[in-house]
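[1] Take a look and give me a structure for this.
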Amino acid sequence: MHGVRGKLAGLLAAAGACAGDAPVAAVEGDALAVIDYADGTRVRVISLLPDLVTPGDLVHVVLEVEAATPVGLEAALWPPRIGGRELALGSGVDAEQAARPDDPRVSRQAVDAAKGVVELQLAVAQPWHPRTAMVTVSRRDGDAIVPAIAGPRTRDGLGTAGIVDVVDTPIRVVARRTSDPPVIDGALDEPVWEDAIAYLLGDSLEGEPTSGHATTVLLAWDTTALYVAARMDDDDIWSQYEGHDDPLWKAEAFELFLFGDASRRRYLELQVSPRGVTFDARFDEYRRGDERWDGQWQAAVTVDGTALRRDDRDRGWVVEMAVPFAMICEHTALACPPDVGTTTRINAFRLDRPRRGPPTASSLAPTRIPDFHAPEHAAVLELAP
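    Here you go, the predicted structure:
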């Protein structure tokens with residue numbers, strides 16, 4: 001609990017606490033925080049446990065509510081960027097506040113008639129990329145929010161209960177087994193892709209949702225190959241490269257890393273451009289690779305637009321790949337033959353270079369460091385039935 005108390009003081013500045021609030025004075029007795037609302041309700045945050053939580057687990061919140069009559073409260077657990085950031089329409093400190101964006105990771109629990117000691121539980125979503133989770137307590141009057149006016153709070157009136165640390169856990173993804181392998185033509189019109197789980201790529205460094213073009217990745221397998229597909233929204237598709245093993249990463253590309261394990265030894269890098277040009281390399285040690293090596297894998301691309309012109313408006317492109325397990329097992333720690341329940345490490349990246357604005361990179365699993373060659377943070381792929 002002492003860790004939460006210390007983090008709460010730092011959160012007042014980072015997550016929108018109003019100017020002039022004194023973190024030490026805001027805490028009374030054994031409470032982690034004391035929050036006053038505009039209708040006279042006072043909420044003491046008694047405990048927020050555990051200090052360190054694993055994605056998929058629960059955060060237990062104990063509050064003490066002082067009010068003339070029972071009141072409506074809602075506790076919520078947020079990714080810190082969504083929970084703490086200030087959202088304004090226009091500019092300046094007096095700008096109108098925008099609605100807080102929806103995020104499927106947010107966990108909520110409401111109490112219609114809260115008074116005295118109240119216990120709540122909030123689930124940490126799985127996967128969860130941020131290193132922390134932020135807990136707020138809002139005073140609800142029907143659909144309206146009675147704003148917090150004293151104590152730790154956000155500018156849009158939510159009381160801030162505190163933050164907890166979240167264990168940095170690699171995400172897990174699933175490839176479903178198929179008895180009818182796809183034709184590698186970039187069409188994605190076979191049943192195997194209809195049955196596959198679609199994974200949305202996030203910011204390559206921290207995994208947060210991106211505001212750029214969306215990318216979804218699909219995975220499947222049989223005893224012969226791992227099948228990978230990606231759908232990429234793009235209004236300005238572009239790549240100037242024409243030859244195999246050209247530096248595709250300097251333009252727009254889809255990249256697949258096959259690590260086997262997290263040892264930074266023996267892994268593969270495969271790339272495909274919007275023009276269907278490929279790049280491949282094998283690595284015996286971290287970043288000590290052989291770009292002259294050519295693997296026996298397939299890739300096909302379809303483009304809704306053009307990949308050479310920058311003066312038109314495109315819509316998107318699709319990549320479809322088949323990577324033989326024989327090749328994967330030869331050059332990574334994965335053991336063949338593959339079977340249901342087999343796990344390995346992979347990551348997928350999309351490099352987007354719009355005509356206007358900075359380039360962006362999104363990934364299946366965040367790298368945590370600015371390095372795509374980071375197997376310790378790659379996704380754990382399970383071969384499912």
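[2] measure stretch 160-180 end to end?
    Counting by C-alpha to C-alpha, to the nearest Å, the length from the leading to the trailing residue of stretch 160-180 is 52 Å.
[3] In contact with L270: list those residues for me.
    With contacts defined as C-beta atoms under 8 Å, 6 or more residues apart in numbering, the neighbours of L270 are E255, L256, F257, L258, T278, F279, D280, G295, W297, A299, M321, V323. C-beta here means a position set from N, CA and C on the backbone, and glycine is covered the same way.
[4] wait, what's in contact with the fifth one?
    Put plainly, it is T278. With the criterion set at C-beta under 8 Å, 6+ apart, T278 makes contact with H244, D245, L248, L270, Q271, V272, A299.
[5] Tell me, how many residues neighbour the fifth one?
    Counted by other C-beta atoms under 10 Å, the residues lying close to Q271 total 23.
[6] Report the spatially nearest residue to it, omitting neighbours in sequence.
    F279 (4.0 Å; C-beta to C-beta, 6 or more residues apart in numbering).
[7] pLDDT below threshold where in the stretch 101-250 of the chain?
    By pLDDT under 70, the stretch 101-250 of the chain has no low-scoring segment.
[8] Which stretches in it count as strands?
    107-114, 116-123, 132-141, 144-146, 148-150, 159-166, 172-177, 198-200, 202-203, 215-221, 225-233 (DSSP state E, counting those that start in this stretch).
[9] Name the strands paired with the last one and say parallel or antiparallel.
    Looking back up the chat, that one is strand 225-233. Under the criterion DSSP bridges, strand 225-233 sits next to strand 215-221 (antiparallel), strand 316-324 (antiparallel) in its sheet.
[10] who touches H244 in this structure?
    V277, T278, F279, D294.
[11] sorry, back to before: just give me the closest of the contacts of L270 to G202.
    Of all the contacts of L270, the one sitting nearest G202 is E255; the distance, using C-beta to C-beta, is 15.1 Å.
[12] Which secondary structure element is home to the closest one?
    E255 is part of strand 253-258, with elements assigned from DSSP states H and E.
[13] Render the CA-only coordinates of that strand in CSV, please.
    The C-alpha coordinates for strand 253-258 follow below in CSV (Å, rounded to 0.1, in the frame of the first residue of the first chain):
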residue,chain,number,x,y,z
ALA,A,253,6.4,-3.2,-45.9
PHE,A,254,5.0,-6.1,-43.8
GLU,A,255,7.5,-7.9,-41.7
LEU,A,256,7.4,-11.3,-40.0
PHE,A,257,10.0,-12.4,-37.4
LEU,A,258,10.1,-16.1,-36.4
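[14] packing partners for it?
    Under the contact definition 3 or more C-beta pairs under 8 Å, 6 or more residues apart in numbering; DSSP states H and E, strand 253-258 sits against strand 225-233, strand 267-272, strand 316-324, strand 343-352.
[15] Now do that strand, average pLDDT.
    For strand 253-258, the mean per-residue pLDDT is 98.
[16] and if you look at stretch 49-64?
    Mean predicted lDDT for stretch 49-64 stands at 96.
[17] quick one: the helices in this structure?
    For the chain, the helices defined by DSSP state H occupy 2-14, 23-26, 80-84, 191-195, 325-331.
[18] most remote residue from the chain's center?
    Using C-alpha atoms, centre = their mean, the residue of the chain lying farthest from its centre is A68. It sits 42.2 Å away.
[19] where's the closest residue to that residue other than its chain neighbours relative to V71, distance?
    With C-beta to C-beta, 6+ apart as the measure, G40 is the residue that lies nearest to A68, at 7.0 Å, once sequence neighbours are left out. G40 sits 10 Å away from V71, taking C-beta to C-beta, to the nearest Å as the criterion.
[20] Thank you kindly, that will do.
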